[in-house]
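Novice: build me a structure from this.
(4 chains)
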There are 2 protein chains.
Amino acid sequence: MSTTGRGLHGRVLDTLGPEITAGGYPPGSVLRTDELAQRFDVSRSVMREVVRVLESMHLVESRRRVGVTVLPACEWNVYDPQVIRWRLAGADRPRQLRSLTVLRSAVEPVAAGLAARNATAEQCAELTECALGMVAHSRGHKLEGYLFHDVAFHRVILTASGNEMFARLGDVVAEVLAGRTHHDVMFEDPDPAAVTLHVQLAEAVRARDAARAEKLTREITEGALQELDILAP
Amino acid sequence: MSTTGRGLHGRVLDTLGPEITAGGYPPGSVLRTDELAQRFDVSRSVMREVVRVLESMHLVESRRRVGVTVLPACEWNVYDPQVIRWRLAGADRPRQLRSLTVLRSAVEPVAAGLAARNATAEQCAELTECALGMVAHSRGHKLEGYLFHDVAFHRVILTASGNEMFARLGDVVAEVLAGRTHHDVMFEDPDPAAVTLHVQLAEAVRARDAARAEKLTREITEGALQELDILAP
DNA sequence: ACCGATAAAAAGTCAGATTTATTCGTCACA
DNA sequence: TGTGACGAATAAATCTGACTTTTTATCGGT
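Specialist: Numbering: from 1, shown residues only, chains lettered A, B, ... in the order given. From the prediction side, this is the model:
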């Protein structure tokens, strides 16, 4: 399931990374490579590789004579999928989920508008297929099946937009939707209105109606914001 | 100017990273750590750290017995500031600039709406100050001064939104604006209409008029899209 | 009190030895 | 002829210990 599991280096990263993103070390704390290597019972080489990766994520900064300094959260590369995963697994999961949902509400409507212009026939077909899947799993506590098709639906929209920056947010949306289903609200069947909106969106994209696709998506994401008690702009 | 310049490891990264993002190695190419270490005249330890960082950016994948495989562009962490910088410095700079400008057009209006709700008095003051700075440098080929205030303006908007995901896009916007000024269009003074829009936006935020702030920002980003000949949605 | 030399601390770098996992070729057996 | 198991080759992964470099703090002299 995890991406980095492979190798000794990845295992250390999967322990130290979450510790940092969870705020286990206040900003400005200094860690020493040697001590960390001892703690995790790995060689300095491996530890240095871990530090280098954390440094590339702007979680820490390594300076001579002083050590590995933990950076404040405002410096972190919060778009790094790994960092997102670590933070979603940690304590400030709710805050993270809100931030990402607001991002969705900004990006997805525009992406849907572009998808209506650029989607291939095959992508349109996938879209309706996903929407039908959502309908089929919308009643009777089939939450997992619903989630599967929901994630696939939004992934197709983002990809079909033709913008690589949007396409890369597919994983983020997947995490948000999965988080909503598994941990937070939504104990019962999904909102029927949301299901309808997805079906209509698939139709709008197929009909090349960009304005309608954008508007429908705005309604979908607004629903997601309301679920998290975020004021609608 | 560059972030990674420090250290031998950073210098190798600044050469190999751009080579990969520029498409110098077709996806699936295999590089061997030993050969790379020879080529850059560094030890294997340093080379392994570089590979680890490139791996964390999903630019390459390192597997035993086979070597370091270059991944296709669709796998790259295109939100990594380092990757963005490398790609903006490379050959497909125009495409990259378009992608980022579309992203701006999605994010900034929503961010401005939130800023109108959440901005502090100090941030409002900064905003008007930046707008005035733009006005002051809008005539007489003072492009550098104009750019400086333009970047600062958008940074404040993104930060004042209160959303960390938006705030982190400040660097991206800075790169886009700088790229537009230095390399592409805009040989003459900036569009007076754009300057006016920024002044009005500062006013709208101060007046806590979220709807107006969002609308004005939409006009600003639409202008940016038109400059790059991107069809308006 | 100020300034420069010196020493210490920690990351940075390197090279060699060793381990481990993967691939590919070969050979036996069905 | 095709399939599967065994083994050798290979390249990354890891460990180790020594050496270098940079930065900072301390100490002594003026």
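Novice: domains in chain A, by residue range?
Specialist: A:7-75, A:93-227 (automatic domain parsing).
Novice: which sections of chain A are below the confidence cut-off?
Specialist: A:1-5, A:184-187, A:231-233 (pLDDT under 70).
Novice: ranges for the strands of it?
Specialist: A:30-31, A:60-63, A:67-70 (DSSP state E).
Novice: of those, flag the one that's most buried.
Specialist: A comparison of those by mean neighbour count, using mean count of other Cβ atoms under 10 Å in any protein chain shown, puts strand A:67-70 on top with a mean of 19. (Each C-beta comes from the backbone N, C-alpha and C, glycine too.)
Novice: quick one: is that one near DNA strand D?
Specialist: No. Figure legend: strand A:67-70 not in contact with DNA strand D (Cβ under 7 Å from any atom of the strand); closest approach 10.2 Å.
Novice: run a quick neighbour tally on A:S43.
Specialist: 11 (other Cβ atoms under 10 Å in any protein chain shown).
Novice: now it: phi and psi?
Specialist: For A:S43, the backbone dihedrals are phi -80, psi 160 (criterion: degrees, to the nearest 10).
Novice: check contacts around the residue nearest to it when sequence neighbours are not counted.
Specialist: Spatial nearest neighbour of A:S43, chain neighbours left out: A:A37 (6.4 Å); criterion: Cβ to Cβ, 6 or more residues apart in numbering or on different chains. Counting by Cβ atoms under 8 Å, 6 or more residues apart in numbering or on different chains, A:A37 touches A:43-44, A:46-47.
Novice: any figure for the gap between A:A37 and DNA strand C?
Specialist: 9 Å (Cβ to the nearest atom of the strand, to the nearest Å).
Novice: distance of the residue positioned nearest the centre of chain A from DNA strand C?
Specialist: What sits nearest the mean C-alpha location of chain A, by Cα atoms, centre = their mean, is A:V172, with 1.9 Å. As for A:V172, its distance to DNA strand C is 29 Å (criterion: Cβ to the nearest atom of the strand).
Novice: before we move on, back to that, now, which of the contacts of A:A37 lie close to DNA strand D?
Specialist: Within the contacts of A:A37, those near DNA strand D by Cβ under 7 Å from any atom of the strand are A:43-44, A:46.
Novice: ok, A:G28 to DNA strand C distance?
Specialist: 15 Å.
Novice: let me redo that: A:R44
Specialist: Taken as Cβ to the nearest atom of the strand, the span from A:R44 to DNA strand C is 6 Å.
Novice: what do you get for A:I220?
Specialist: A:I220 is 42 Å from DNA strand C, by Cβ to the nearest atom of the strand.
Novice: give the contact list for that residue.
Specialist: A:108, A:194, A:197-198, A:201.
Novice: at 10 Å instead, please
Specialist: A:104-105, A:108-109, A:112, A:153-154, A:157, A:193-194, A:197-198, A:200-201 (Cβ atoms under 10 Å, 6 or more residues apart in numbering or on different chains).
Novice: JSON lines please, covering those residues and showing neighbour count and distance to chain B.
Specialist: Formatted as JSON lines, the contacts of A:I220 follow (neighbours: other Cβ atoms under 10 Å in any protein chain shown; distance: Cβ to the nearest Cβ, whole Å):
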{"residue": "A:R104", "neighbour count": "24", "distance to chain B": "10"}
{"residue": "A:S105", "neighbour count": "22", "distance to chain B": "7"}
{"residue": "A:E108", "neighbour count": "25", "distance to chain B": "8"}
{"residue": "A:P109", "neighbour count": "24", "distance to chain B": "8"}
{"residue": "A:A112", "neighbour count": "30", "distance to chain B": "10"}
{"residue": "A:F153", "neighbour count": "24", "distance to chain B": "19"}
{"residue": "A:H154", "neighbour count": "26", "distance to chain B": "15"}
{"residue": "A:I157", "neighbour count": "32", "distance to chain B": "13"}
{"residue": "A:A193", "neighbour count": "10", "distance to chain B": "22"}
{"residue": "A:A194", "neighbour count": "16", "distance to chain B": "20"}
{"residue": "A:L197", "neighbour count": "18", "distance to chain B": "19"}
{"residue": "A:H198", "neighbour count": "27", "distance to chain B": "20"}
{"residue": "A:Q200", "neighbour count": "17", "distance to chain B": "18"}
{"residue": "A:L201", "neighbour count": "27", "distance to chain B": "15"}
